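Q: Return a 3D structure for these sequence lines:
(one chain, ligands or ions: 1)
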Amino acid sequence: MNHLRVNKDRLWQSLMTMAKIGATEKGGCKRLAATALDGQARDLFVKWCKDEGCTISVDKMGNIFARRAGDNNDLPAVVTGSHLDTQPTGGRFDGVFGVLAGLEVLRTLNENKVATNAPFEFTVWTNEEGSRFQPAMQGSGVYVGRFDLETELNKTDVDGLVLRDELAKIGYLGNEEPGSRNIGAFFETHIEQGPILEDEDKMIGVVRLGQGIRWYDISVTGRESHAGSTPMHLRFDALLAASNIVTEINNIAHNNPPNGLGTVGFMDVYPNSRNTIPGSVKFSADLRNPDPEVLAKMDKELQGYCQQLGQKHNLDIDVDHFWYFAPVEFNASDNVKIAAEKMGYSHMDIFAGAGHDACYMADIVPSGMVFTPCKDGISHAEIEDTTAEQCEAGCNVLMHAMLEASNKMQMNS
Ligand SMILES: [Zn+2]
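A: The predicted structure follows:
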């Protein structure tokens, strides 16, 4: 089966056909979760899979599973997929590539009459982007049990429309219980959404880890007073302290190379007046690292710095660490590496900077991700771009990783 290759032009064609649904003037895609356009995209995927003889199931969260029978249908399925929803100013590849790479694997297996030991399934997860309904990775999160089904179905968008009704409207409120399928391994192909593969001139990223994230709301309370009549040594300037913390977050990231990241992206200054020393400042902080120990160290450094700073300047600094996303280990990444080597593609180990459905699937089954380069590392933008050759490479690696996993499953059974 080593000679088996996907059809580059057919894969590209299906990507471009799908990109017409919700196409924007600037060449991107706007296909928000559970909208009519999302429905059209799902219908097209389902039609393509039915044309290939698949059986379709939809669960109560709207996740779609297209099943291709194996020789031994008691074996757990080897599954691949991603998402069809996009950001409001999204591109043509984020998520969609992972779904249609699966479709191309399906078509290639059928065309070459390849029988697999385990059944193969091709899936579409509901609302990965977290744009219209929060949180992100909602469908896969419910599937693995991180989120409660009823809570998520009752979520509303900015217009007050309820996810459950919106899924029903487009015909994708299914009746299968999320989490009930017999799955043995999960793979997801995705554009990298970063510049590393392009920079290192590698075709394939073997994703070993999904990085951990720590989110904070920090508030600094000082005292408002007149900017003209308060001497410098008698001030309790909340913004000055906040700016020290912003700088320190940057230092913490730099001091934990090579993968430390730190960002302050939101700040609210009170009373935000030219003539008044700021009395309170609230801001966000975001620390990331693929290594849980390093991330814990970064957390300690931030907490310690804030405590010291508050004492030194007699300010009340509250650090609310409200969310921790533990780093993810992709236990099926060896299958991806073996496949990349078999195909002769240049490859490197890499970690996932963004969240993906596979990060949640890794909770319950051995999972692997295949990254391919994207132009200038840009994603979540209408100019997001990649080439047919890069898509072909990712798809070939996906197919052989799935076949490898299927073979192993037979041996283990
Ligand atoms: Zn994505």
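
Q: Mind listing the residues bridging to residue 186?
A: residue 79, residue 367 (DSSP bridges).

Q: And for it, the neighbour number?
A: 29 (other Cβ atoms under 10 Å). Every C-beta, even on glycine, is put in place using the N, C-alpha and C of the backbone.

Q: show me the contacts for residue 174.
A: By Cβ atoms under 8 Å, 6 or more residues apart in numbering, the residues touching residue 174 are 57, 58, 59, 60, 61, 62, 63.

Q: Save those as TSV, and put in neighbour count, distance to the ion and pLDDT too.
A: Compiled in TSV, those are given as follows (neighbours: other Cβ atoms under 10 Å; distance: Cβ to the ion, whole Å; pLDDT from 0 to 100):
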residue	neighbour count	distance to the ion	pLDDT
57	17	22	98
58	20	20	98
59	24	20	98
60	19	23	98
61	28	17	98
62	29	17	98
63	27	15	98
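
Q: any idea which helix or strand carries residue 168?
A: Per DSSP states H and E, residue 168 falls inside helix 163-169.

Q: pLDDT of that helix, averaged?
A: Here helix 163-169 scores 98 as its mean pLDDT.

Q: Stretch 278-287 now?
A: On average, stretch 278-287 scores 97.

Q: Go ahead and name everything in contact with that stretch.
A: 213-224, 236-239, 241-242, 245-246, 249, 252-253, 260-272, 295, 298-299, 302.

Q: what's the spacing between residue 201 and residue 337?
A: Noted for residue 201: a distance of 18 Å to residue 337, by Cβ to Cβ, to the nearest Å.

Q: who's more crowded, the two?
A: Comparing residue 201 with residue 337 by other Cβ under 10 Å, the one with more neighbours is residue 337, at 20 against 9.

Q: I'd say that one and residue 206 touch.
A: Yes. If you go by Cβ atoms under 8 Å, residue 337 and residue 206 touch, sitting 4.6 Å apart.

Q: Quick check: neighbours shared by these two?
A: Common neighbours of residue 337 and residue 206 (Cβ under 8 Å, 6+ apart) are 347, 349.

Q: for the record, mean pLDDT for the helix or strand containing residue 208?
A: Using DSSP H and E, the element containing residue 208 is strand 204-210. Strand 204-210 carries an average pLDDT of 96.

Q: Tell me where the stretch 101-250 of the chain has helices.
A: Here the stretch 101-250 of the chain has its helices, by DSSP state H, counting those that start in this stretch, at 138-144, 149-153, 163-169, 196-200, 238-254.

Q: closest one to residue 330 among these?
A: Nearest to residue 330 among those is helix 138-144 (14.3 Å), distances taken as Cβ to Cβ.

Q: buried set for that closest one?
A: Residues of helix 138-144 classed as buried by neighbour count (16 or more other Cβ atoms under 10 Å): 138, 139, 140, 141, 142, 143, 144.

Q: And stretch 322-332, by the same measure?
A: Neighbour-count burial for stretch 322-332 [16+ other Cβ under 10 Å]: 327, 328, 330, 332.

Q: nearest residue to the residue of the chain found nearest the ion other than its sequence neighbours?
A: Nearest residue of the chain to the ion (Cβ to the ion) works out as residue 95 at 3.9 Å. Using Cβ to Cβ, 6 or more residues apart in numbering and skipping residues adjacent in sequence, the residue nearest residue 95 is residue 83, 3.9 Å away.

Q: So that neighbour sits against residue 123, correct?
A: No. When contacts are counted by Cβ under 8 Å, residue 83 is not listed as touching residue 123 (9.5 Å).

Q: how many neighbours does residue 36 have?
A: 14.

Q: give me every residue that touches it.
A: Residue 36 touches 169, 170, counting by Cβ under 8 Å, 6+ apart.

Q: Could you check how far it is from residue 133?
A: Residue 36 is 15 Å from residue 133, by Cβ to Cβ.

Q: interface residues of this protein facing the ion?
A: Taking Cβ under 5 Å from the ion as the test, the list of the chain residues beside the ion reads 94, 95.

Q: repeat that with 8 Å
A: Taking Cβ under 8 Å from the ion, the part of the chain that reaches the ion is made up of 82-83, 94-95, 98, 128-129, 190, 193, 354, 356-357, 379.
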